[in-house]
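Chemist: show me how the following folds:
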Amino acid sequence: MDFAVIVLIPYDVEMTLRGLQDNWLETAWKVMYWTLFVMCWFVLPVSQGYLMGGEFTFFGKLGAALYRRIRTILVMSALGLAFIIYLFIRGTLDPQNVPAFLVAMSNCWGLFLIIMLLGYGLVAIPRSAWNNGNIKATLNYYYFKTVGIDQNLSDNKHDLTTAVEKANGYSQTIKQDSSLRKYIDAILAKCPESIQSGLARTKSYRDKQDYGPETKEALVELHQEIKKLVSEFHRSECRWERHLKTTFKIQDIVEHIDSPNKVIHSQFWPVKTGKFKRCREVLEWFWFTRARGFLSRILGLLLGCMSILIVLGEVTLFVSSPIGVVPLLFEEEHGAFSTQVLCLVPLLYILYSTYIALFRLRLKGKYGMYSHNNTDAANLVWCSLIMARLTPPLVYNFLLLIKVDNTRFSKVMGVIDIVPILGQDFAVFFPLILVLFCLVHIFNLQGKLMNCLGFPQFVFSENYNDERVSEGRDLIQKERSGTERSAVSQAYSVHEPARNPVQEHSFNPSTQSRYQRIRQAYSQYKKPLLP
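Modeler: Numbers count the residues shown, from 1 in each chain. Modelled structure (predicted):
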């Protein structure tokens, strides 16, 4: 539904510039908006609450999720009702405008979030592209990130171990014939085998007084906690393994920048075969060591210019005449295809700048997006919820930016002016603060400011530190050495008799090349978890 809004808005703009109106379009916008409104404020939160609930039955989880969401809605409704009554008393709001009032308040909140996120994205995207042009500096940055990712993994492992230890303590005291036995067994089934085996070796279980009474409510709370911690631990492992693979690849590129053979040779790179093997090796070496860095710098400059144009347009919304390249492009119609493409390019850039900032927030226990089917359902629901909440106000802000009035979307969404305290002036003048947000991120002040205010979870990226680069380099070297030894030993073990049919099938030299065996061993490698 979110992407349908993004795809349809260029058509709405093109039809408006041509002076044509499709009657079905306004109806489509109303249906899509109110569908998104219900989804992001009720359906998706209930779905996420159900997926992360600690109850042990379908109706138990559904009932608890509904109860929590209805309770939240009642609190929000009480505050909103008080505000509506205040507006009625002042005579500035009519009963028939209440739905429009809800739209306006939702837009104002979404616009506030969008401007804050844009302040980071419009700076970070061109800066990242420019920095990627220096492969050695990029490697040092990945060394710097290594320490934080490793610490995050260790912390999550410790928290999960504590919770699993508590579950094992319950398991030791709850009898087999107890009505609670099936609940504790369900909890233990959620615990990772690696954590369980570690506790079994140490025989470390807490005493009864440490974890409280044996009640169903206590087990429900523990179940919910373990589900959340397992999800966070899984995300940390995925983040660590992905970081290792990327860092190893960058190390190989840096090591072979001045290679006289013009080839990148490593266990972690695919072996070229075929008649054009040498040509492919040289092209790969040239791309990663020469061309990509140069093109990244050019891309950084282009994206920087795009960010400047977006900021210029945002801070001049209060000016009726077009100022800047973006609004000037829409003074007239350029044909159906060209107009829609011109509309889609800056819209997608604003969309990407907003969401890249959102996905870099370090909200522990909330969400994470990972490739290769490593994102669980609750996190997909959370991301869908945020996108559904931000997309309509983002598109409304874009229409103000390009100064195209009287679109069908504007007729549905352009009702902010009925909120006396905020009003249309909020949508027009609030984006002026975008300049301040951009300056904060240009000079890397956001992390220090959030840490001083006690909100480290709202930091987009950590401040660079040379000491952590050295520490991260040592960690990566240790991990790389261990991975290479493990991969090589498993690759050469194919010459020995297989211990079981599974091993014989997995490492059969007649069906796998040496590189495939090394890659398989590397893909199965897991970071050793600290106790």
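
Chemist: middle-most residue in the chain, spatially?
Modeler: Centre of the chain computed as the mean C-alpha position; nearest residue by CA atoms, centre = their mean is Phe359, 2.9 Å away.

Chemist: list the contacts of the nearest residue to Ile253 once chain neighbours are set aside.
Modeler: Spatially, and ignoring its direct neighbours in sequence, Ile253 is nearest to Phe288 (4.9 Å; CB to CB, 6 or more residues apart in numbering). Using the backbone N, CA and C atoms, a C-beta is placed for each residue, glycine as well. Counting by CB atoms under 8 Å, 6 or more residues apart in numbering, Phe288 makes contact with Ile135, Ile253, Ile264.

Chemist: Gly169: which of the residues you listed is nearest?
Modeler: Top of the list for closeness to Gly169, among the contacts of Phe288 and by CB to CB, is Ile253 at 49.2 Å.

Chemist: that closest one against Arg290, yeah?
Modeler: No - taking CB atoms under 8 Å as the definition, Ile253 is not a contact partner of Arg290, at 10.7 Å.

Chemist: from start to finish, how long is stretch 83-98 in a straight line?
Modeler: Counting by CA to CA, to the nearest Å, you get 11 Å between the two ends of stretch 83-98.

Chemist: before we move on, back to that, please report how far the residue nearest to the centre of the chain lies from Ala377.
Modeler: Going from Phe359 to Ala377 by CB to CB, to the nearest Å gives 17 Å.

Chemist: what do you get for Val46?
Modeler: Using CB to CB, one obtains 14 Å as the distance from Val46 to Ala377.

Chemist: looking at the two, which is more packed in?
Modeler: For Val46 and Ala377, the more surrounded residue by other CB atoms under 10 Å is Val46, and the numbers stand at 17 against 13.

Chemist: that one is in what secondary structure piece?
Modeler: Val46 is part of helix 44-51, with elements assigned from DSSP states H and E.

Chemist: which strands and helices sit next to that helix?
Modeler: On a contact count with 3 or more CB pairs under 8 Å, 6 or more residues apart in numbering; DSSP states H and E, helix 44-51 meets helix 58-90, helix 377-402.

Chemist: among these, which is the most enclosed?
Modeler: Of all the helices and strands packed on helix 44-51, helix 377-402 carries the top mean neighbour count, a mean of 21, counting by mean count of other CB atoms under 10 Å.

Chemist: what's the angle from that helix to helix 44-51?
Modeler: Here helix 377-402 runs at an angle of 160 degrees relative to helix 44-51 (axes from the mean of the first three to the mean of the last three CA atoms, to 10 degrees).

Chemist: chain center to helix 377-402: distance?
Modeler: Distance of helix 377-402 from its chain centroid, counting by CA atoms, centre = their mean, to the nearest Å, is 13 Å.

Chemist: rounded mean pLDDT for that helix, please.
Modeler: Mean per-residue pLDDT for helix 377-402: 85.

Chemist: now do the same for Tyr464: helix, strand or coil?
Modeler: coil (DSSP: H, G, I helix; E, B strand; the rest coil).

Chemist: got the contact list for the helix holding Val46?
Modeler: Contacts to helix 44-51, defined as CB under 8 Å, 6+ apart, come from residues 61-62, 64-66, 68-69, 72, 376-378, 381-382, 384-385, 388.

Chemist: give me the pLDDT value at Leu180.
Modeler: You'll see Leu180 listed with a pLDDT of 91.

Chemist: find the nearest non-adjacent residue to it, please.
Modeler: Once flanking residues are discounted, Leu180 sits nearest to Ile174: 5.2 Å by CB to CB, 6+ apart.

Chemist: ok, the one you found - how many residues close by?
Modeler: By other CB under 10 Å, the residues close to Ile174 number 18.

Chemist: go ahead and confirm it touches Arg181.
Modeler: Yes - taking CB under 8 Å as the definition, Ile174 is a contact partner of Arg181 at 5.7 Å.

Chemist: quick revisit: out of the contacts of Phe288, which is nearest to Val325?
Modeler: Proximity of the contacts of Phe288 to Val325 (CB to CB) peaks at Ile135, which lies at 32.5 Å.

Chemist: quick one: that closest one and Ala291 touch, right?
Modeler: No - Ile135 sits out of contact with Ala291 when judged by CB under 8 Å, with a separation of 11.7 Å.

Chemist: kindly provide the distance from Trp382 to Glu165.
Modeler: According to CB to CB, Trp382 stands 28 Å off from Glu165.

Chemist: quick one, helices of the stretch 1-150 of the chain?
Modeler: With DSSP state H, counting those that start in this stretch, the ranges of helices along the stretch 1-150 of the chain come out as 2-17, 23-38, 44-51, 58-90, 98-131, 135-173.

Chemist: of these, which approaches Leu299 most closely?
Modeler: That would be, of these and by CB to CB, helix 98-131, which comes in at 4.7 Å.

Chemist: ends of stretch 320-337, how far apart?
Modeler: Taking CA to CA, stretch 320-337 runs 27 Å from one end to the other.

Chemist: now that stretch, how far from the centre of its chain.
Modeler: Centroid displacement of stretch 320-337 relative to its chain, using CA atoms, centre = their mean, is 33 Å.

Chemist: between Ile135 and Ala291, which has more neighbouring residues?
Modeler: A count of neighbours by other CB under 10 Å puts Ile135 above the other of Ile135 and Ala291, at 17 against 11.

Chemist: and the pLDDT for the more buried one?
Modeler: In this model, Ile135 is scored at 94, pLDDT.

Chemist: same question for the one 10 residues further on.
Modeler: At Lys145, the pLDDT value in this model is 92.

Chemist: can you check Ala124 too?
Modeler: In this prediction Ala124 is given a pLDDT of 91.

Chemist: same check, this time on Gly63
Modeler: Gly63 is assigned a predicted lDDT (pLDDT) of 94.

Chemist: same question, the one 5 residues further on
Modeler: Predicted confidence (pLDDT) for Arg68: 92.

Chemist: picking up where we left off before, the residue nearest to the centre of the chain and Met39: what is the separation?
Modeler: 20 Å.

Chemist: ok, Leu17 next?
Modeler: Distance, Leu17 to Met39, using CB to CB: 31 Å.

Chemist: returning to that earlier point: closest one to Pro260 among the helices and strands packed on helix 44-51?
Modeler: The nearest among the helices and strands packed on helix 44-51, by CB to CB, is helix 377-402 at 46.9 Å.

Chemist: just checking, Asn132 touches Ile298?
Modeler: No - the pair Asn132 / Ile298 is not scored as a contact, 11.4 Å apart, by CB under 8 Å.

Chemist: who has more neighbours out of those two?
Modeler: Between Asn132 and Ile298, Asn132 has the larger neighbour count (other CB under 10 Å), namely 18 against 12.

Chemist: which ones are touching the nearest residue to that one once chain neighbours are set aside?
Modeler: Nearest residue to Asn132 in three dimensions, chain neighbours excluded: Ser296, at 4.3 Å (CB to CB, 6+ apart). Residues near Ser296 by CB under 8 Å, 6+ apart: Ala129, Trp130, Asn132, Gly133.

Chemist: quick check: Ser296 vs Asn131, distance?
Modeler: Distance, Ser296 to Asn131, by CB to CB: 8 Å.

Chemist: tell me the SS of Asn261?
Modeler: Following three-state DSSP, the label given to Asn261 is coil.

Chemist: how many neighbours does it have?
Modeler: Asn261: 11 neighbours (other CB under 10 Å).

Chemist: do you know the pLDDT at it?
Modeler: At Asn261, pLDDT is 89.

Chemist: check Asp474 too.
Modeler: So, for Asp474, pLDDT stands at 94.

Chemist: contacting residues for it?
Modeler: Not one residue lies near Asp474 by CB under 8 Å, 6+ apart.
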